[in-house]
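Visitor: attaching a predicted model along with its sequence, questions to come.
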2 protein chains.
Amino acid sequence: MKATLLLHTALRHFAQHGYEGASLQEIAQDVGIKKPSIYAHYRGKDELFLSAMTYALDTQKIHLATYFISTRHLSLEQSLKGFFDWFLEESTQNDQLKFILRIAYFPPVKLEREVTDLINPFFDSLHRHLTRLLRERDRTEQLLFSDDYASAALAYLTVTEGTMTEFVYNGVEAYQRRFTAVWPIFWRGLVR
Amino acid sequence: MKATLLLHTALRHFAQHGYEGASLQEIAQDVGIKKPSIYAHYRGKDELFLSAMTYALDTQKIHLATYFISTRHLSLEQSLKGFFDWFLEESTQNDQLKFILRIAYFPPVKLEREVTDLINPFFDSLHRHLTRLLRERDRTEQLLFSDDYASAALAYLTVTEGTMTEFVYNGVEAYQRRFTAVWPIFWRGLVR
DNA sequence: GTTCACCTTCCTAACGGTCGTTAGTTAACA
DNA sequence: TGTTAACTAACGACCGTTAGGAAGGTGAAC
């Protein structure tokens, strides 16, 4: 019980302050235990950080897959557009995606290798999911301009990340302003 | 002489390790002075950080303006495309843009206010520059799909940031892969 | 059914190290 | 002569971490 609370609290702190900026003292205080008690659960700060990371990646991987399955009956445009709303909802509930985006861009230097080895498969899998989605939908809907689905997926990822990082820092309004600005252009460029 | 070297070194360290992760000890060592000598130039870490920040913002503001002026004779597409190459060249020379992107997304919590107050005008100015560029070029070339130039500029900014953050973390190859994926789609969506 | 050993999870106390910072001094220079 | 920029020494605070012990629960042996 305290163990999962500890993991969630640590994740929130790491997302907010980064690896170096997060303090075990403050994490423990938030959980309601003393600092050394953390060591009953984890070998140290590094292991706590990497545990929070694998946890975030695993659960978000599942959530992402669930989303794309749940939109099977929707049109391609609705699926791709809805992903932005889904991200927003997901991010207001917890800090997992913020945490992932933060350490993906700016990992702690001393854990760079471990972070990369965990993050890259995550984005690769996301990229594959999107590529497959585009290919399968295009087979039935036949509306994409190009059949280079991998590139289209990468472009889509670029746009989403550009928009989502905006949310992480500047909040909902700036996020939605960006989305309404970029989506019509992107979609027009995507279809024939 | 040592003063500007100190500023540049600090900027590099802040860009690489973030505010909390950067150490005055290591910065001083890189410069070739002792840690307390920093206090002959700055009141403390905060002032050093904010000085590096204003310096980076000011010089990049000028560089950006210079770029867009220097491409006046080029077509709109060449101007907008060339901006990516310019960014790449600029970023390999120094860490100023990396520094700006990092603190824009993940500022040190205790300096959040000061960072926001400096960063926002920077991006606003960039946005205004782009909006004006689009409007002026469209008057002569008349090829944009919509005359909502502010939205087009914001969309362009989103795409560039999504691509550039990719460079900051994953290097040149990933950056160029993204650019070649996203640019044709974006441009097709932008023009009529 | 009681006892005893064991493990988990928390605690207090304290460790060495690094952090940013200050005081006081010295050498060079205008 | 005063100012600037460097130095050495040392400060208190906080960092992550370790040692050692107390409380509680679990399960096997008697």
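Guide: The structure has been received and is ready for your questions.
Visitor: quick one, longest helix in chain A?
Guide: In chain A, assigned by DSSP state H, the helix with the most residues is helix A:149-190.
Visitor: what is that helix packed up against?
Guide: Helices and strands touching helix A:149-190, by 3 or more Cβ pairs under 8 Å, 6 or more residues apart in numbering or on different chains; DSSP states H and E, are helix A:76-93, helix A:96-105, helix A:112-141, helix B:96-105, helix B:149-190. The way it works is simple: take the backbone N, C-alpha and C, and place the C-beta from them, glycine included.
Visitor: between the ones you listed, which gets nearest to B:Ala15?
Guide: Closest to B:Ala15 of the helices and strands packed on helix A:149-190, according to Cβ to Cβ: helix B:96-105, at 3.7 Å.
Visitor: contact partners of the closest one?
Guide: The contact list for helix B:96-105 (Cβ atoms under 8 Å, 6 or more residues apart in numbering or on different chains) reads A:102, A:105-106, A:165, A:168-169, B:11, B:14-15, B:18-19, B:52-53, B:56-57, B:59-60, B:87, B:90-91, B:115, B:119, B:122-123, B:161, B:164-165, B:168.
Visitor: show me what from chain A comes close to DNA strand C.
Guide: For chain A, the contact set with DNA strand C under Cβ under 7 Å from any atom of the strand comprises A:Lys2, A:Ala3, A:Ala28, A:Gly32, A:Ile33, A:Lys34, A:Lys35, A:Pro36, A:Ser37, A:Tyr39, A:Ala40, A:His41.
Visitor: so how far is chain B from the fourth one?
Guide: When distances are taken as Cβ to the nearest Cβ, to the nearest Å, A:Gly32 and chain B turn out to be 22 Å apart.
Visitor: what about that residue, neighbour count?
Guide: 11 (other Cβ atoms under 10 Å in any protein chain shown).
Visitor: before we move on, what about the fifth one?
Guide: Summarising burial for A:Ile33: neighbours were counted as other Cβ under 10 Å, giving 16.
Visitor: residues contacting it?
Guide: A:Ile33 makes contact with A:Lys2, A:Leu6, according to Cβ under 8 Å, 6+ apart.
Visitor: for the third one, same thing?
Guide: Residues counted as contacts of A:Ala28 (Cβ under 8 Å, 6+ apart) are A:Lys34, A:Lys35, A:Ser37, A:Ile38.
Visitor: repeat for the first one
Guide: A:Lys2 is in contact with A:Val31, A:Gly32, A:Ile33, counting by Cβ under 8 Å, 6+ apart.
Visitor: among these, name the ones in helices.
Guide: Those of those lying in helices (DSSP H): A:Val31.
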